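Peer 1: Provided below are the primary sequence and the corresponding predicted coordinates.
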Amino acid sequence: MRNWRRAGVVTVSVVALVFAFVALLEFLTPSLAYQLRDRVVETASGRRGRTYRIALGSAIGSSYRAGTVLNQHLRDRAGYELELVSTVAPGNVRLLLDASQRIDLAVVSSVDDDAVRSSGVYGVAALEPQHFFVIVRTDSALRDVRDLTGAVNPGVRDAGHPPTLGERVLDYYGLLTSTPGTGAPVTVVRPRGSNVADFESGHMVAATRTQFLRSPLIDEILNTADYRLVPIRDHEALARSIPGARPGFIPAGLYGPGRRIPSEAVPTLVVTQLLVARPDVPGRVVRDILECMYHPRFARDAQYAFTESTGRDVGGLPLHPAATIFYGRNDLVTSDRLGRLSFVGSVLVALFTLAQYAIRLRRNDSLRDRRRLLGDELARLEQLRGQIAGDSDAGTRRALVCDADEVLSRAEQQAAAGQWSSEDIQALRSLHALCRVSEGRLPASAEPPPVPVAAPSPR
């Protein structure tokens, strides 16, 4: 029974120490606590070896090409790859939130309202900015986007998915709103073939695309002098009406024969592609992705120009915990962390001081009890010594000496158990020796035996 009780006390003590350590770790270093907890959860859930899926939009888009480069670096550095999923980009947030689709990460646009409104979407990194292109034939009389009429392809999306940026721009200028007797100025059409083929066949008179500046898609359309870009002259006012967009310019001389298109900088909208993840994506995967993305070789291979300072701005989305740790690994020590360290240090000093006080108090109590017990034993021996010195009967004196021996024997046993100091036991031994000395002396009240007197010899 005693062993079980001892085992229970040890178990409770160990559990209490573990909880105290975890609480202290969570308070002092939340990042380390998260990494340990994340690794335990991933191992316990059996997801360690599974392949994670990332939705990247069109298979011919720049995001998909960047995903291919990312997989090459992940394979070389971390030993695994992501499964690249081709999707319709405006619907990536809904795919991410749909558990049946098993999408773990996705690339979305900063103007995608679903990303901001959803509670299960966490930012990982802001990628390369994208520009909004309005493309028409060179012989078109159109000089401003607000003057668009006819069939326009504003981008591709599935039914029920959020509108494309092109549709939002057209709606801002009221080009999709019907007027009595004439209808809407713009008719939205979906692609039948390639962009150039749809232009040549008359299927559309204009197209809007949101692409990187170095996009092969834009290069293909503007490869000849048959097409040009339409400016958005009030791009600053337009950007204010579309959250996640900002005003910008398409530099002159990027495209076409002799790099003459456009002939001057074209005002337009700029949006940012965001890499987002579900909250249950392990921190290990997020950290591996970020380490690969911010390696200089990835920026060169993917033709990206971004840094950690720009990559951490994910358009108002909460950062994934692992991304927060990654971006903050080189931050200066904040006053909050210093305050936590000083608080824990003060608590430890206070606990040490209290422990010292408790030890000293216990030691003083023990010393006081020992002195009281020593006084009782010395008083007992002193009493026995007085009785021995005052008793004339040899048998009684021997019995009293035996009592003194018993007192000293008990004290010797207690000294062996550490209850007496060497000075204490020496004092008892000295008084006990006096009892032995008193045994051999006669009491002062006893008369000495008569001394025989020799008879006088006869003369």
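Peer 2: Now that the structure is in, tell me what you want to look at.
Peer 1: which residues of the stretch 251-400 of the chain fall in helices?
Peer 2: 283-293, 296-302, 308-311, 321-327, 335-390, 394-416 (DSSP state H, counting those that start in this stretch).
Peer 1: Out of the ones you listed, which gets nearest to Phe199?
Peer 2: For Phe199, the closest of the helices of the stretch 251-400 of the chain is helix 296-302, at 29.4 Å, according to C-beta to C-beta. Yep, even glycine has a C-beta here, placed from its N, CA and C like the rest.
Peer 1: Figure out how far the closest one is from the centre of its chain.
Peer 2: 28 Å (C-alpha atoms, centre = their mean, to the nearest Å).
Peer 1: In that helix, which of the residues would be classed as buried?
Peer 2: Buried residues in helix 296-302, counted by 16 or more other C-beta atoms under 10 Å: Phe298, Ala299, Asp301, Ala302.
Peer 1: Among the helices of the stretch 251-400 of the chain, show the one with the smallest mean pLDDT.
Peer 2: Note on the helices of the stretch 251-400 of the chain: lowest mean pLDDT is at helix 335-390, with a mean of 78.
Peer 1: Relative to Gln419, how far out is Gln426?
Peer 2: 15 Å (C-beta to C-beta, to the nearest Å).
Peer 1: of these two, who's got more company?
Peer 2: When Gln426 and Gln419 are compared for neighbours, Gln419 comes out ahead with 15 against 12, by other C-beta atoms under 10 Å.
Peer 1: Please list all residues in contact with that one.
Peer 2: Arg370 (C-beta atoms under 8 Å, 6 or more residues apart in numbering).
Peer 1: Could you identify the most distant pair in the buried residues of helix 296-302?
Peer 2: Greatest spatial distance in the buried residues of helix 296-302: Ala299 and Asp301, 7.6 Å, computed using C-beta to C-beta.
Peer 1: separation between the spatially closest residue to Leu431 that is not a sequence neighbour and Pro318?
Peer 2: Using C-beta to C-beta, 6 or more residues apart in numbering and skipping the chain neighbours, the partner closest in space to Leu431 is Leu381 (4.4 Å). As defined by C-beta to C-beta, Leu381 lies at a distance of 80 Å from Pro318.
Peer 1: Spit out the contact partners of Gly155.
Peer 2: Pro90, Thr164, Leu165, Gly166, Glu167, Thr208, Arg209, Thr210.
Peer 1: who does the last one bridge with?
Peer 2: Applying DSSP bridges to Thr210 gives these bridge partners: Phe132.
Peer 1: Tell me who's in contact with it.
Peer 2: Taking C-beta under 8 Å, 6+ apart as the criterion, Thr210 is in contact with Ser109, Gln130, His131, Phe132, Phe133, Gly155, Thr164, Leu165, Gly166, Val271.
Peer 1: Which element, helix or strand, includes the second one?
Peer 2: Under the criterion DSSP states H and E, the helix or strand holding Gln130 is strand 122-137.
Peer 1: For Arg370, state which of the contacts of Gly155 is nearest.
Peer 2: Pro90 (84.8 Å).
Peer 1: ok, back up a step: residues touching the residue nearest to Leu431, list them.
Peer 2: Neighbouring residues of Leu381 by C-beta under 8 Å, 6+ apart: Ala404, Val407, Leu408, Leu428, Leu431, His432, Cys435.
Peer 1: Could you export those residues as a markdown table, including distance to Tyr227?
Peer 2: Listed next are the contacts of Leu381 as a markdown table, based on distance: C-beta to C-beta, whole Å:
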| residue | distance to Tyr227 |
| --- | --- |
| Ala404 | 122 |
| Val407 | 117 |
| Leu408 | 117 |
| Leu428 | 114 |
| Leu431 | 119 |
| His432 | 119 |
| Cys435 | 124 |
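Peer 1: ok, so of the residues you listed, who is nearest Ala245?
Peer 2: Closest to Ala245, out of all of the contacts of Leu381 and judged by C-beta to C-beta, is Leu428, at 95.1 Å.
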